[in-house]
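K.L.:
next come a sequence and a model predicted from it.
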Amino acid sequence: MTYPPAPRTDGTGSSDPATPGGGGPGGGGGAPAAFHAPLAPAAINKIIAGIMLAMFLSALEQTIVAPALPTIGVHLGDIENLSWVVTAYLLSATAVTPLFGKLSDIYGRRTILLTGVTIFIAGSIACALAPTMWALIAARALQGIGGGGILPIAQTIIADLVSPRERPRYQSYSAVMFMIASVIGPVLGGVLTDRVHWSLIFWINVPMGGAALVITYRALHKLPRHERPHKLDIVGAALMVVAAVALMLAMTWGGSRYPWASWQILAMIAGSAVAWGLFALRLATAAEPLIPPSVLREPVVTRIVVAAFFSIGAIIGLSIYVPLYLELMLGASPSVSGTALIAFTAGTVAGAFAAGRSLGHSRHYKRLPMAGLAIGIVSLAVLAAMPNGLNLAGVSGLLFLCGGGIGTMYPVTTVLIQNAVLPHQFGIVTGTLNFFRLLGGTIIVAALGAIVLTKVDASGGLVALDLLAKSGAQPDADFSTVFSWVFIAAAACLAVALVCLAGIEERPLRGPSPAPTASSREAAPVAAE
């Protein structure tokens, strides 16, 4: 078995300036560079422990706040703007995700990860001390900036540590972090709010964040370095943030705060379209754009991004509206619907683990996620066909199958997109992938919300969420058609992801073979297209 020379770890990136992408700004996307010499298992485990704790911080904050919201609204005397406590975090976290990825390519993973955790801790302290609702909202936006940088950099660090063949096992750990957070977050948030004080849901981040800082500060000294001297495209980054925030605000407010045809929503959509157009122009004309054109021209990258947009977006959308389906159609209580949702989450984690284990051992690694997406589509088709003809156990079983099928996309999308680029581009492609995952979730949640939460009667009036919720006291067959379309829309998203995944070339994953019988041909790097 032969391996090409390892790249330098002095911060200059590729070992050979003649390597595609190794010499000029932005680099090339077709031929991944050679992988560095592996670290000792003890060093890898220390680094993994630190970044997993950092990831847990970010994941927990997305679930621990919900039970405390009513109490926070009463304490701060502002119920009307309560939703912004969640929205501000999501908006800022989504907007900065690709920016943090690019910064890590320029300045190094260790520096940027420590910066993200520090901002997150500062935002948590500001949240705990917030005297008013708008002060809390501003602090949550600051907290989201830090949290938005943690996940993509943590995934990028895993890419720096181990080869693509070994990566799936470690990438699967992030699914565990999110499952634990999704289960204990609401419980912990409720207990701290009821028994002590709502500010404890933010103060708890300080000791955990401090521990993450100490562990990562020490462990990441040994992290291989692939950063390269670049200038950050401030104009391009600003255009991307403006375009994303305007679009997400339109998707969040459309049909709830403002009618979809209102001038406010149309203006935000138009503004977002203009900003996206200017961003595309900037990518084509800037000397060093935020996302290198060579990366965008890489077919694996573009198809993975689209597949992740629709598949992971469908997971987020279903996790929001499945509990409402259970309450309206099956008469389940909120606690029971939450329990059924755990089946969906557990299936997602199981699918991620299955894909993670098979990804490094099979040359035809697309087969499992393609089968998983097909299973997800069939499960949703059954729910669409019989929205009120299944009991809670049947729905939970279908949700587990659906989650298991879609969950295979988590490690697959991350590993394949990193396998398609050079090491000094890991940060920007991982950040871009996570950005479009979150953006897909925002848009798909809005699309499903337009089906579930908004009904247009003959006069064009709107039926709001609170009216729908009131009808949930007893199962309401009138909503069977509504939820049928929800599941059909989600299945259509998975179908788009399946088509994109089918079109991806199965390039061998670089790195040591997982078994002695593996062909050395599978371990060799792929030549540039």
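P.N.:
Cool, the structure landed.
K.L.:
surely Met133 is in contact with His75?
P.N.:
No - assessed by Cβ atoms under 8 Å, Met133 is found out of contact with His75, at 9.5 Å. Bear in mind the C-beta positions are built from the backbone N, C-alpha and C, glycine included.
K.L.:
so between these two, which is more surrounded?
P.N.:
Met133 (20 against 15; other Cβ atoms under 10 Å).
K.L.:
name all residues that make contact with Ala286.
P.N.:
Contacts for Ala286 (Cβ atoms under 8 Å, 6 or more residues apart in numbering) come out as 233, 235-236.
K.L.:
of those residues, which one scores lowest on pLDDT?
P.N.:
Among those, Asp233 carries the lowest pLDDT, at 82.
K.L.:
what is the neighbour count of that one?
P.N.:
21.
K.L.:
and the contacts of Ala286 as a markdown table, adding distance to Leu113 and secondary structure?
P.N.:
Output for those, formatted as a markdown table (distance: Cβ to Cβ, whole Å; DSSP: H, G, I helix; E, B strand; the rest coil):
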| residue | distance to Leu113 | secondary structure |
| --- | --- | --- |
| Asp233 | 21 | coil |
| Val235 | 25 | helix |
| Gly236 | 23 | helix |
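K.L.:
let's have the residues you listed in JSON lines, adding distance to Ala59.
P.N.:
Shown next, in JSON lines, are the contacts of Ala286 (distance: Cβ to Cβ, whole Å):
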{"residue": "Asp233", "distance to Ala59": "30"}
{"residue": "Val235", "distance to Ala59": "32"}
{"residue": "Gly236", "distance to Ala59": "29"}
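K.L.:
what's the local residue count around the residue lying closest to Leu359 once chain neighbours are set aside?
P.N.:
Nearest non-adjacent residue to Leu359, counting by Cβ to Cβ, 6 or more residues apart in numbering: Pro168, 3.9 Å away. By the criterion of other Cβ under 10 Å, Pro168 has 26 neighbours.
K.L.:
ok, residues contacting the helix or strand harbouring Gly404?
P.N.:
Using DSSP states H and E, Gly404 sits in helix 392-407. Outside helix 392-407, the residues that touch it by Cβ under 8 Å, 6+ apart are 175, 311-312, 314-315, 318, 322, 326, 330, 332, 336, 340-341, 343-352, 354-355, 371-377, 379-380, 382-383, 390, 494.
K.L.:
Arg357 is in contact with the residue nearest to Leu359, correct?
P.N.:
Yes - counting by Cβ under 8 Å, Arg357 is a contact partner of Pro168 at 7.2 Å.
K.L.:
pLDDT weak spots in the chain?
P.N.:
Residue ranges of the chain with pLDDT under 70: 1-39, 175, 179, 222-230, 256, 333-335, 337-338, 360, 453-478, 510-529.
K.L.:
got the domain boundaries for it?
P.N.:
33-231, 233-289, 292-529 (automatic domain parsing).
K.L.:
what about Val242, distance to Ala287?
P.N.:
21 Å (Cβ to Cβ, to the nearest Å).
K.L.:
looking at these two, which is more packed in?
P.N.:
Here Val242 and Ala287 are compared on neighbour count by other Cβ under 10 Å; more neighbours surround Val242, at 18 against 8.
K.L.:
what about the closest residue to the more buried one other than its chain neighbours, how many neighbours?
P.N.:
Distances taken as Cβ to Cβ, 6+ apart put Ala275 closest to Val242, at 4.7 Å, once the chain neighbours are dropped. Burial measure for Ala275: 20 neighbouring residues, criterion other Cβ under 10 Å.
K.L.:
for the stretch 301-450 of the chain, what spans make up the helices?
P.N.:
334-359, 367-385, 392-407, 409-419, 426-452 (DSSP state H, counting those that start in this stretch).
K.L.:
which secondary structure elements does the shortest one sit against?
P.N.:
Read that as helix 409-419. helix 133-161, helix 167-195, helix 299-330, helix 334-359, helix 367-385, helix 426-452, helix 480-502 (3 or more Cβ pairs under 8 Å, 6 or more residues apart in numbering; DSSP states H and E).
K.L.:
nearest to Ile64, of those?
P.N.:
With Cβ to Cβ as the criterion, Ile64 lies closest to helix 167-195 of these, at 4.0 Å.
K.L.:
can you give the distance of that closest one from its chain's centre?
P.N.:
Relative to the centre of its chain, helix 167-195 is centred 15 Å away, using Cα atoms, centre = their mean, to the nearest Å.
K.L.:
and what of stretch 111-118?
P.N.:
19 Å.
K.L.:
could you number the chain from 683 rather than 1 from now on?
P.N.:
Okay, using 683 as the starting number, the last item reads as stretch 793-800.
K.L.:
what residues does that stretch touch?
P.N.:
733, 736, 739, 782, 785-786, 828-832, 835-836, 839, 891, 894-895, 898-899, 902, 1109.
K.L.:
any chance of a PyMOL selection covering the buried ones in those residues?
P.N.:
To isolate the buried members of these in PyMOL, using 16 or more other Cβ atoms under 10 Å:
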select buried, resi 733+736+739+782+785+786+828+829+830+831+832+835+836+839+891+894+895+898+902+1109
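K.L.:
still on that earlier bit, which of the helices of the stretch 983-1132 of the chain is buried the deepest?
P.N.:
helix 1091-1101 (a mean of 28; mean count of other Cβ atoms under 10 Å).
K.L.:
run the angle between that one and helix 1016-1041 for me.
P.N.:
If you take axes from the mean of the first three to the mean of the last three Cα atoms, to 10 degrees, helix 1091-1101 sits at 40 degrees to helix 1016-1041.
K.L.:
residues in contact with helix 1091-1101: which ones?
P.N.:
714, 837-838, 841, 846, 849-850, 853-854, 856-857, 982-983, 986-987, 989-990, 993-994, 1030, 1033-1034, 1037-1038, 1041, 1047-1048, 1051, 1054-1055, 1108, 1111-1112, 1115, 1179, 1183, 1186, 1189, 1191-1192.
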